[in-house]
Each structure stands twice: as structure tokens, then as C-alpha cells.
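K.L.:
no FASTA, just this:
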Ligand code: 5MM
């Protein structure tokens, strides 16, 4: 049995964060096609190989979350992805949910599935090198949403997943993501985030889950994507930490933020501002798009552009690592607004 607290400590090592490269086949295929790359298993593998073989990745990345497909694929030189990551000194994570599906009786809301057979799957993943796992619930803000029913159903699933992870010696990343989609205010995002986190921890505590062996992956508190409200890093940081302090027990092992479709520079600036405020938990990033979008745009499936893609990923990782250690200086708000390009994949959240 692995040491769960040791895994948490490795994941949360100073200046390091988690790379979420666990897009489902459907999401990854849409991303590749958007970049002009054919959506084949081979290209999905080549793209992930480009990411995980980035020179020096382990300086700013403690763990990489893989999807089941990537977990079982091999790099061109022969090793599996978990083997390659282990050789690079990086922990392997595995996304074990099977996606968010419409929640019966609650139109417009979803519940994440994947509990059936999870004990056996986790045991196999652990035997093949997985040290941590991820399960993502999606919480929608809309009229009457999030409903109590959706919050409870998702919290319950997250809790049963976490219990099974611990049984298998795997650290669970628990991700109740309040989506940025919509015109809602930052205040509504804060309220929904508190509700989602309270529901999640009520379940985890009722089931006696060992909280110092859990990593929470929350959204930052930001205005909806289509809202006219503007929030600078300091406001985002204050609202995000206030929210977390209201709902998240101090024993939780760590907080690893998702980027949620924010432009990469904004996500980094917000992370840097969050890190400047006192928090009872270690704090880091577990970004997907905010780390990999520039790399995918630079690579575009061209073998000769692997180095360019890796350079782009390396720059994002270095910036976010600096955000964690105080080496990142916040650009002026005006500059951040100029960087505020729309999400290159606006259907990201809705398509999942
Ligand atoms: C990398 O994307 C993850 C998997 O998404 P799908 O299974 O829906 O394809 C996703 O869960 C991701 O880890 C989180 O959304 C955080 O990523 P961002 O891009 O929001 O930081």
C-alpha cells in the first residue's frame, strides 16, 4: 500500500503543480481538429508524448493526469506513459470518471458517472503505476441551478470515489467545478462554489474520508464568461480564498486550482495573487487548457514543431511555478485585459 500522505506531499511540492492532460477522447479529438490535426489515436498519443517529454518538465510539474487511453499507450521509444513519467520523476494520475451525464429529474444539470467497477479499475491502475486519480463534477449556474439535488448527487459520487481511491492506495483529486459558462456575477460564482464545496465535504466527512489524503481541485471565483463584470487578480484571489475558507476543512491535504477556460495569462496572474494571501492548505495549480493551449497551437501535429510545442508548455509551467514561489510579477490590469482573448474552445465545458 502506498503512503497517501507522502503522495500528497509530492504533488504539493513547493513550486510544482499538476498538468491535467486527461481530456476524454471526444474532447481531445475536438481540440486536435481545432488545431488542424486529424483526430486519431496515434495523434492523441503523439500530442501527449510531446507534452510529457518536455525537457525539465519535472521542475514545475509534480504530476500528470492521464486518460485511460493515454495510460495504456506507449511512447515512440517503447515505455508506457506511467513508466516514462516515473523515469522523469513525475507522478502519474488517472481520470477515472466516465463523464458528466444528464441528471434525471433536474433539466440542465449533470451528474458524473463511473462508480461501476471502479474498485477493480483502481486496483489495476495502481498496479500499473497510478499514484493519484481525478473525478470531475460539473456544477452549472443558471435559473434554479445549482439545485440541491445536483449538488448532493455529485457530492455523493465524489465521496464514494474518494473512499475507493483510498482503499486502492491512490490519492483522490476531488473536483467539484462550478462552470464559468454564463452571464452570472462573481458573487453568484462564490455562492455556488461555497454550496458545492460544503455539499462535497459534508459527504466526505460523513463517510469518514481521511481529508489530509485528499486534494481538492476547485474553480477560482470569477465572473461568468459572458458577464460584463471585470475582476482583477486581487479581487479574484480574495473572493476565492474567502469562499474556500468558508467551506473547506483545514485538514485537507492541498488545493490545486483548475483554470476553467480562463486565458492562460489571467489564470497565472490569479494564481499568483491567491498565493500571496494566507491559506491553511498548500496551494498549487492543476491546469489543463491554461498550460497546454499554447503548446497545441505551436505544435499543430507537425513533427518538426515538437520543440516549439515543448517550449510553449515549458514557458507556461515556468510562469505558474513562479506564481507559486513569488517570482511572478502581476502585469498591470490593463495588460491583463489585453491578454483577455476568448477561450479558443468555447464549447469545452458544454461539450463535456
Ligand atoms: C483536461 O481536461 C479534463 C478532462 O475533461 P473531459 O473528460 O471532459 O474531456 C478536465 O477535467 C480538466 O482537468 C478540468 O476541466 C480542468 O482543466 P482546465 O482546462 O479547466 O484547467
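P.N.:
Thanks, I have it. Just so it is clear, the structure is predicted and the values come from calculations on it, not from any experiment.

K.L.:
The residue lying farthest from the centre of the chain and the ligand, how far apart?
P.N.:
Computed with C-alpha atoms, centre = their mean, the residue of the chain farthest from its C-alpha average is residue 304, at 29.1 Å. Counting by C-beta to the nearest ligand atom, to the nearest Å, the separation of residue 304 from the ligand is 26 Å. To be clear about C-beta, it is placed using only N, CA and C from the backbone, and glycine gets the same treatment.

K.L.:
And for residue 138?
P.N.:
Distance, residue 138 to the ligand, using C-beta to the nearest ligand atom: 8 Å.

K.L.:
Find me the pLDDT at that residue, would you?
P.N.:
Predicted confidence (pLDDT) at residue 138: the value is 98.

K.L.:
Correct me if wrong, but it is in a strand.
P.N.:
Yes. Counting by DSSP: H, G, I helix; E, B strand; the rest coil, residue 138 falls inside a strand.

K.L.:
Distance check, it against residue 110.
P.N.:
From residue 138 across to residue 110, the span is 5 Å (C-beta to C-beta, to the nearest Å).

K.L.:
the more surrounded of these two?
P.N.:
residue 138 (23 against 20; other C-beta atoms under 10 Å).

K.L.:
who does the more buried one bridge with?
P.N.:
Beta bridges link residue 138 to residue 177, judged by DSSP bridges.

K.L.:
what lines up beside the helix or strand where residue 94 lies in the sheet?
P.N.:
Using DSSP states H and E, residue 94 sits in strand 91-95. Strand 91-95 has its sheet partners listed here by DSSP bridges as strand 61-66 (parallel), strand 130-139 (parallel).

K.L.:
which element follows it toward the C-terminus?
P.N.:
Using DSSP H and E, the helix or strand that follows strand 91-95 in sequence is strand 100-102.

K.L.:
Remind me what that following strand packs against, helices and strands.
P.N.:
strand 110-112, strand 130-139 (3 or more C-beta pairs under 8 Å, 6 or more residues apart in numbering; DSSP states H and E).

K.L.:
which residues touch the following helix or strand past the first one?
P.N.:
Sequence-wise, the next helix or strand downstream of strand 110-112 (DSSP H and E) is helix 118-127. Outside helix 118-127, the residues within contact range by C-beta atoms under 8 Å, 6 or more residues apart in numbering are 2, 71, 94, 96, 130, 133, 161, 164-165, 167-170.

K.L.:
related to what we said a few turns ago, pull up the overlap in contacts between residue 138 and residue 110.
P.N.:
Common neighbours of residue 138 and residue 110, counting by C-beta under 8 Å, 6+ apart, are residue 100.

K.L.:
picking up where we left off before, buried deepest among the helices and strands packed on strand 100-102, which one?
P.N.:
strand 130-139 (a mean of 25; mean count of other C-beta atoms under 10 Å).

K.L.:
which bits of the protein sit near the ligand?
P.N.:
20, 22-24, 27, 136, 177, 258-261, 287-290, 352 (C-beta under 6 Å from any ligand atom).
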